[in-house]
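[1] Quick one: sequence plus predicted model below, questions after.
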Amino acid sequence: MILVKAFAIVCEASRRVLNMKPYDVQIIAAIALHQGKIVEMKTGEGKTLAGVMPAYLNALTGKGVHILTFNDYLARRDAQWMGPVYEFLGLSVGYVNEGMSITERQKAYSCDITYVTAKEVGFDYLRDFLCYEKDRLVLRKFNYAIVDEADSVFIDEARIPLVIAGDVAEEEEELFRLSKIVKELKLGEDYELDEYEKNIALTDAGLIRVEKILGCDNLYVPENLGLLTRINSALHAEVLIERDKDYIVRNGRIEIIDEFTGRIADKRHWPDNLQSAVETKEGLKSQSKGKIMGSIPLQYFLSLYQKISGMTRTACIAAEEFREFYCLDVVVVPTNNPCIRKDYPDVIFANKEAKHKVLISEIERIHETGQPILIGTNSVQESEMLADELNIIGIKCKVLNAKNDEMEAKIIARAGEVGAVTVSTNMAGRGVDIKLGGEREQERDKVVALGGLYVIGTNKFESKRIDNQLKGRAGRQGDPGESRFFISIEDEIFKKYSFKKMLPKLNMPQKQDERIDDPIFRREMESAQRVLEGYNSDIRRQLWKYSFIMEQQRRIIHSRRQNILMDKEPLQLLSTKAEERYFFLQNQLDDKVLRDIEKQLTLYYINRSWAEYLDYMSYVRESIHLVAIGKKNPLDEFHKIAIEVFDNMMDRIECEIINKFNTIEIKENSIDVDKEGLKGPSSTWTYLINDNPNQFSSMNLLIKGTSSAIKGTLFSLKSIYNRILKKSM
């Protein structure tokens, strides 16, 4: 059996080259990865080395293997670390990082093994879609991929579309004026929040006030839809999006903080209206404008691989979604050494003040012993406030958050030293390896005697997986360690979802500063977290339903374009539907010149029409829930519109190619693309969108059933439908 031989060869090669012999559990994991499964391995169990065996075996086909890492740093590190093993076995290895040239990318992707992040290879896929020349393509057909931190990529980031945009001329909007208007609005008087503080809506009084300021009779008539959306976005940005929690401002730019990792979400935007609103709120010039040229959700991008597998510490909790969306089973691999970490019960309080007081006391007590402490907070703001307080009482600590992410490696390297106190957002919860005694483990024995790393969580996160990732920083490879969470009923996660109302008043403690040990509280808190996980899962499921039909259309248009680019599809449109000019030019030009002209026109109009289609469907997506007023299913209506508009687009592409061919001027066997208006955007950029179907649109205001909805009946179904069909593409 080739698997046995291949894995045995890799084991021997890694022993000779790296002096690392894979454990039996790593071999078990490697087998499961080769079989296309999601592998759960605990922290420190050697996922990087386990991935080498299936990568080597699948690379023997010559079709290439992608190992999708968590960030650029790990792509470079792992390629350089494991590269000598692959090279010893006769395979080539490369890595891709942001900022590399086309030539460097082509070289890396042509290797047998390529280390790259999922989003970077996804962006390259979108860039290839815009190519007009075969020699500028960087990717070959997708074969096999191994995804590190699989739950983060497959689940948490699945709802985030990858986007490539091009510069376009944009009219300047009155962004600062709208921002000033919403700053003057008052909660309860001009606008209301839903019970979860997830959505925001103008009241009747607030609507009248805004219309009066704007000099607008009715914000709900079709011609004011864009203005209504921008008002809603400005209000959402002002009230619901918080600085140093949802984003930071650095170097004159808005940088979004990933809610699951605590890191800066590189190249991520909110939808344009909301992004512009946040930039305006901070007094920054909007940098988010541009036409989307191509887009694909990570969920669908990953499905392009013929075979895919993944590994992570926390897979079981998401096993149902792995099966539902990707048809992937989860395999739990036992640890090489038993985990002896002590996970203490949560310490629960009725209010934040009592929790904070005991939290500080616990940090002081542990710090006096010299045991290293890692404290996980849920925001940049909280991490900085806690660090300031610790410094005041004489406890020196290091802070790791999105503002100093460039210092991550250095801070983590010292987090396991004697007496170290590290305050972090959930950045330290994934993709890091804290060694006891320091980077070189020089004081390992002393730290082991103290009980190993002590992990403290100051809040529960919206997913139990993230809690478990934080705990997993301690107790690697059989090391000792401890973990404990300090939480209160007033913490944001519970306050936002009205958790306190769910609890019987009789179970509340008599004194607010007392600990709560009632099992009902613990059970209900766990239930609340499961509810949140279900809520986020429903969002992903809803987005999948909305994007499904567009993904099928994208595959059709992408396949056709690639076939034309690679000369796999004969072009006969002009010879059959523009015969007069075609045969006239055939007497003056070579057949190859005519084919090249038709190819150039076809590729250009496919690109332009697809970009216009995406722009238009984005508009439809923002307003489609208005059809609920007429008791129609928004999803069904969205699919109907998507099919009709796509069919019209395909017909229009042919018409535009023919019309342009009949009018273009051909000189010296070529077309002047600038003169003929056939030049694409002068620059493009890539980013990700925080996509959420329940936010950033006017639909919530109408569906809430307020009298504003009655006023909005001018937005009849017929007018919506006519607007959709008549909108210029």
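    In hand now; what should we look at? Only a predicted model underlies this, so the values are computations on that prediction, with no experimental measurement involved.
[2] what's the distance between the closest residue to residue 417 other than its chain neighbours and residue 373?
    Once flanking residues are discounted, residue 417 sits nearest to residue 438: 4.4 Å by C-beta to C-beta, 6 or more residues apart in numbering. For the C-beta atoms, the positions are set from N, CA and C on the backbone; glycine is no exception. Separation of residue 438 from residue 373 (C-beta to C-beta, to the nearest Å): 15 Å.
[3] more neighbours, the two?
    residue 373 (23 against 19; other C-beta atoms under 10 Å).
[4] how about the nearest residue to residue 336, chain neighbours excluded?
    residue 23 (4.5 Å).
[5] buried set for stretch 397-413?
    For stretch 397-413, the buried set under the neighbour-count rule, 16 or more other C-beta atoms under 10 Å, comprises 397-403, 405, 408, 411-413.
[6] where's the residue nearest to residue 336 relative to residue 44, distance?
    From residue 23 to residue 44 the distance is 11 Å (C-beta to C-beta).
[7] who has more neighbours, those two?
    Between residue 23 and residue 44, residue 44 has the larger neighbour count (other C-beta under 10 Å), namely 21 against 18.
[8] Report pLDDT for the closest residue in space to the more buried one that isn't next to it in sequence.
    With C-beta to C-beta, 6+ apart as the criterion, residue 44 has its nearest non-adjacent residue at 2.8 Å, and that residue is residue 476. Model confidence at residue 476, given as pLDDT, is 86.
[9] In this structure residue 476 contacts residue 46, no?
    No: here residue 476 does not reach residue 46: they are 10.2 Å apart, not a contact under C-beta atoms under 8 Å.
[10] between the two, who's got more neighbours?
    residue 476 (23 against 17).
[11] What distance do you get for that one to residue 335?
    9 Å.
[12] anything in contact with each of the two?
    Contact criterion C-beta atoms under 8 Å, 6 or more residues apart in numbering; residues shared by residue 476 and residue 335: 42, 45.
[13] follow-up on the earlier one: in helices, which of the buried residues of stretch 397-413 appear?
    Mapping those onto helices (DSSP state H) picks out 408, 411-413.
[14] any idea which residue sits dead centre in this protein?
    The centre of the chain sits closest to residue 157, judged by C-alpha atoms, centre = their mean, with a distance of 3.7 Å.
[15] circling back to that earlier point, tell me the contacts of the residue nearest to residue 44?
    By C-beta under 8 Å, 6+ apart, the neighbours of residue 476 are 42-45, 433-434.
[16] mind redoing it with 10 Å?
    With contact set as C-beta atoms under 10 Å, 6 or more residues apart in numbering, residue 476 has these partners: 42-45, 335, 337, 339, 341, 416, 433-436, 452-453.
[17] Tell me which helix or strand in the protein has the weakest average pLDDT.
    Least confident element among the helices and strands of the chain, by mean pLDDT, DSSP states H and E: helix 707-711 (a mean of 35).
[18] what about the strands in the stretch 451-600 of the chain?
    453-457, 481-488 (DSSP state E, counting those that start in this stretch).
[19] just the stretch 51-200 of the chain next, same as before
    Using DSSP E, counting those that start in this stretch, strands in the stretch 51-200 of the chain cover 65-69, 93-95, 113-117, 144-148, 161-166, 191-193, 200-202.
[20] what's the offset of stretch 648-662 from the middle of its chain?
    36 Å (C-alpha atoms, centre = their mean, to the nearest Å).
[21] From here on, call the first residue 8.
    Okay, residue one is now 8; in that scheme the one you just asked about reads as stretch 655-669.
[22] quick one: contacts of it?
    Contacts of stretch 655-669 (C-beta under 10 Å, 6+ apart): 560, 563-564, 567, 578, 580-581, 583-585, 587-589, 592, 601, 604-605, 608-609, 611-613, 615-617, 619-620, 623, 678, 683-685, 732, 736.
[23] got the buried residues for stretch 609-628?
    609-621, 623-624, 627-628.
[24] Of these, which belong to strands?
    Using DSSP state E, no member of these falls in strands.
[25] circling back: looking at it, the residue nearest to residue 343 is touching residue 60, isn't it?
    No: counting by C-beta atoms under 10 Å, residue 60 is not a contact partner of residue 30; they are 12.0 Å apart.
[26] what residues are shared contacts of those two?
    Going by C-beta under 10 Å, 6+ apart, residues that sit against residue 30 and also against residue 60 are residue 36.
[27] What's the first helix or strand after the particular helix or strand that has residue 255 in it?
    Using DSSP states H and E, residue 255 maps to strand 254-257. Moving toward the C-terminus from strand 254-257, the next helix or strand (DSSP H and E) is strand 260-263.
[28] Going by neighbour count, list what's buried in stretch 240-256.
    So for stretch 240-256, counting by 16+ other C-beta under 10 Å, buried means 240-246, 248, 251-256.
[29] what about residue 104, how many neighbours?
    There are 18 residues near residue 104, going by other C-beta under 10 Å.
[30] list the contacts for it?
    Here residue 104 is in contact with 78-80, 82-83, 86, 111-112, 115, 122-124, 127 (C-beta under 10 Å, 6+ apart).
[31] where exactly do the helices run in the stretch 258-407 of the chain?
    Here the stretch 258-407 of the chain has its helices, by DSSP state H, counting those that start in this stretch, at 279-288, 305-309, 326-333, 359-376, 387-399.
[32] Let me have those helices in JSON lines, adding mean neighbour count, mean pLDDT and distance to residue 666 as columns.
    As requested, these are exported to JSON lines (neighbours: other C-beta atoms under 10 Å; pLDDT from 0 to 100; distance: least, C-beta to C-beta, whole Å):
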{"stretch": "helix 279-288", "mean neighbour count": "24", "mean pLDDT": "82", "distance to residue 666": "31"}
{"stretch": "helix 305-309", "mean neighbour count": "21", "mean pLDDT": "90", "distance to residue 666": "33"}
{"stretch": "helix 326-333", "mean neighbour count": "16", "mean pLDDT": "91", "distance to residue 666": "42"}
{"stretch": "helix 359-376", "mean neighbour count": "16", "mean pLDDT": "94", "distance to residue 666": "66"}
{"stretch": "helix 387-399", "mean neighbour count": "18", "mean pLDDT": "92", "distance to residue 666": "54"}
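[33] Much appreciated, bye for now.
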